[in-house]
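> predicted model, plus sequence, below.
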Amino acid sequence: MKTRTTHQGPFSKLFGSIILVVVGIALSFLSGFMADRDANVKERCTAQVQASVTGFKHSESTDSSEESTAVTPVFEYEYNGQTYTSHAGSYSSNYKDKFSVGQTYTIFIDPNDPVEVYSADIAASDAATFKYMKIGGVALVIFGIAAFVISIIKLVAIGGAIGLAASSLLKKRTV
């Protein structure tokens with residue numbers, strides 16, 4: 001039985017630590033961007049209506065036959081004498097537990113665009129997700145910086161050892 005080992009040098013660890021930092025920063029910014037987007041929707045949606053959940057819209061990135069697929073509730077409501085059907089912009093597999101078909105919920109809509117919907121229940125779920133994304137991003141940045149510093153220390157130590165050995169060899173030859 002052969003055992004195959006691969007040796008990763010200090011430069012590959014430096015590169016990996018830089019990737020961790022970049023991904024962590026991107027994750028933190030993405031969570032902030034998404035939280036700002038939700039805040040803007042909340043700001044625009046000022047008209048309160050009672051809406052019934054008529055079903056669930058499946059995320060386009062998931063297979064609708066899967067049980068744990070990401071969904072968003074489809075709301076039906078009246079505003080200014082017209083009936084609208086709309087859904088929130090975020091998807092989660094948890095929404096099947098939060099919303100029930102046939103139940104009535106209080107939602108807010110944009111009076112200028114009545115198909116734009118804001119739900120406090122969905123916003124609370126999204127806020128928790130954004131919080132965990134931000135914490136994960138910060139953790140990746142911290143871990144990446146620590147790994148980078150450790151890799152630099154190892155590189156300096158290896159370089160110093162090589163320099164010391166070369167210096168020692170040169171001294172012996174000149175004596």
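Cool, the structure landed.

> okay, now Asp126: neighbour count?
Number of residues near Asp126 (other C-beta atoms under 10 Å) recorded here: 20. Every C-beta, even on glycine, is put in place using the N, C-alpha and C of the backbone.

> tell me the SS of it?
helix (DSSP: H, G, I helix; E, B strand; the rest coil).

> list the contacts of it.
Neighbouring residues of Asp126 by C-beta atoms under 8 Å, 6 or more residues apart in numbering: Met34, Ala35, Asp38, Ser90.

> give me that answer again for 7 Å
Asp38, Ser90 (C-beta atoms under 7 Å, 6 or more residues apart in numbering).

> what's the answer for Asp121, then?
Taking C-beta under 7 Å, 6+ apart, one finds Lys98 in contact with Asp121.

> isn't there a strand covering it?
No. Judged by three-state DSSP, Asp121 forms no part of a strand; its state is helix.

> what's the distance between it and Arg37?
17 Å (C-beta to C-beta, to the nearest Å).

> surely Ser52 meets Thr104?
Yes. Ser52 lies in contact with Thr104 (C-beta atoms under 7 Å); the separation is 5.3 Å.

> which pLDDT does the model give the closest residue in space to Met34 that isn't next to it in sequence?
Excluding the flanking residues, the one nearest Met34 by C-beta to C-beta, 6 or more residues apart in numbering is Phe130, at 5.7 Å. Reported pLDDT at Phe130 in the predicted model: 87.

> for the strand or helix carrying Lys13, name the packing helices and strands.
Assessed by DSSP states H and E, Lys13 sits inside helix 10-44. In terms of contacts (3 or more C-beta pairs under 7 Å, 6 or more residues apart in numbering; DSSP states H and E), helix 10-44 is packed against strand 113-118, helix 120-174.
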